[in-house]
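Enquirer: What shape does this take:
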Amino acid sequence: MANNLVCELKENSHVNNEIFTIGIAWGGLAPKAGQFFMLKPLRSSLFLARPLSVFEWQPEQKMLRFLVARRGKGTNELSQVKLGEKIEITGPFGNAWADFLPANNKSIALVSGGVGIAPLAALVAEKPEVDFHFYAGFKNSFNDKTEEAAILGSAYKAKRFIISAEYGMSVLKGRIVDYFDNDPNIYSAVFACGPGAMLNAIKAKCNKAGLPCFISLERRMACGSGACLGCTVQCIKGNRRCCTDGPIFAAEELRFDE
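Expert: This is a model prediction of the structure:
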């Protein structure tokens with residue numbers, strides 16, 4: 001069962017003009033990588049909370065960290081919350097990457113786009129014994145090593161790491177999909193999170209190779225508990241709810257063409 005708590009903001013760090021990280025003291029249920037929380041500043045002018053995947057869980061400090069891109073009023077409001085202010089936070093919600101880990105000892109490919117790196121980085125930290133190969137794609141390359149470290153987080157601990165950007169010179173040039181190796185002799189499964197076009201391309205490459213693929217989706221949510229039906233996901237066998245049936249789905253179930 002999810003907890004609903006009013007918690008103190010411990011960290012608010014602006015990585016660049018678009019991305020920031022926040023850290024919140026959390027005394028509720030410990031989350032699993034892939035799960036998400038609903039967040040809203042206590043002084044918010046908005047009615048609805050914002051869903052955010054866990055970027056890092058620090059059990060010793062009892063702190064949740066989130067990697068956030070400013071995309072609208074809700075995330076912009078979160079970016080302006082001051083240290084010590086209170087945030088209403090509910091969770092954890094959803095299923096977890098660990099639910100889909102195969103039993104064999106092959107490597108697992110993790111593929112992210114933009115801040116979709118967050119739930120996958122959390123998985124690397126949660127399961128250090130697993131042989132992860134991380135493919136991380138971005139629109140723009142990093143300005144410096146400080147920005148790079150802040151955005152990559154625990155993803156850097158993967159056994160193999162490949163970064164690409166469509167613009168910039170500090171990393172591989174182009175889309176991460178083009179660098180992703182869909183070899184079933186290397187990988188037992190692929191976990192992915194990012195923009196829809198990237199996820200659709202990863203699904204196609206995995207389908208061609210016969211690789212199991214699992215995808216974490218982003219959706220606008222009002223409640224996080226399945227009551228409002230506002231986060232509908234179109235699947236082959238009918239509509240499902242991102243918050244309670246996901247946010248992680250088998251790629252073969254999903255329809256990206258509608």
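Enquirer: Just the terminal-to-terminal distance for stretch 55-70.
Expert: Stretch 55-70 has an end-to-end distance of 16 Å (CA to CA, to the nearest Å).
Enquirer: actually stretch 52-67, sorry about that
Expert: Using CA to CA, the end-to-end distance of stretch 52-67 comes to 8 Å.
Enquirer: Quick one: mean pLDDT over that stretch.
Expert: On average, the pLDDT along stretch 52-67 is 96.
Enquirer: Same check on stretch 154-167?
Expert: Mean pLDDT, stretch 154-167: 94.
Enquirer: Please point out which parts of that stretch sit buried.
Expert: Across stretch 154-167, burial judged by 16 or more other CB atoms under 10 Å covers 154-155, 158, 161-165. Quick note: C-beta positions are derived from backbone N, CA and C, even for glycine.
Enquirer: and what of stretch 60-75?
Expert: 63-70, 74-75.
Enquirer: and which of those residues is nearest to E56?
Expert: Lowest distance from E56 to the buried residues of stretch 60-75 (CB to CB) belongs to R65, with 4.0 Å.
Enquirer: Apart from its chain neighbours, what residue comes closest to that closest one?
Expert: E56 (4.0 Å; CB to CB, 6 or more residues apart in numbering).
Enquirer: And that neighbour, how far from K127?
Expert: According to CB to CB, to the nearest Å, E56 stands 14 Å off from K127.
Enquirer: Counting neighbours, go ahead and name the busier of those two.
Expert: Per other CB atoms under 10 Å, whichever of E56 and K127 has more neighbours is E56, with 19 against 15.
Enquirer: hey, where'd the helices end up in the stretch 51-200 of the chain?
Expert: 73-79, 117-126, 145-152, 196-209 (DSSP state H, counting those that start in this stretch).
Enquirer: Can you give the domain ranges for the chain?
Expert: Annotated domains of the chain cover 3-93, 97-253 [automatic domain parsing].
Enquirer: L5: how many residues sit nearby?
Expert: Counted by other CB under 10 Å, the residues lying close to L5 total 15.
Enquirer: For it, give me its contacts.
Expert: By CB atoms under 8 Å, 6 or more residues apart in numbering, L5 lies in contact with 26-28, 88-90.
Enquirer: Assign a three-state SS to it, would you?
Expert: Of the three states, L5 takes strand under DSSP: H, G, I helix; E, B strand; the rest coil.
Enquirer: Local confidence estimate at it?
Expert: L5 is assigned a pLDDT of 94 by the prediction.
Enquirer: what about it, distance to P59?
Expert: Counting by CB to CB, the gap from L5 to P59 is 16 Å.
Enquirer: now S141
Expert: 33 Å.
Enquirer: Please identify which of the two sits among more neighbours.
Expert: Between S141 and P59, counted using other CB under 10 Å, S141 has the larger neighbour count: 18 against 9.
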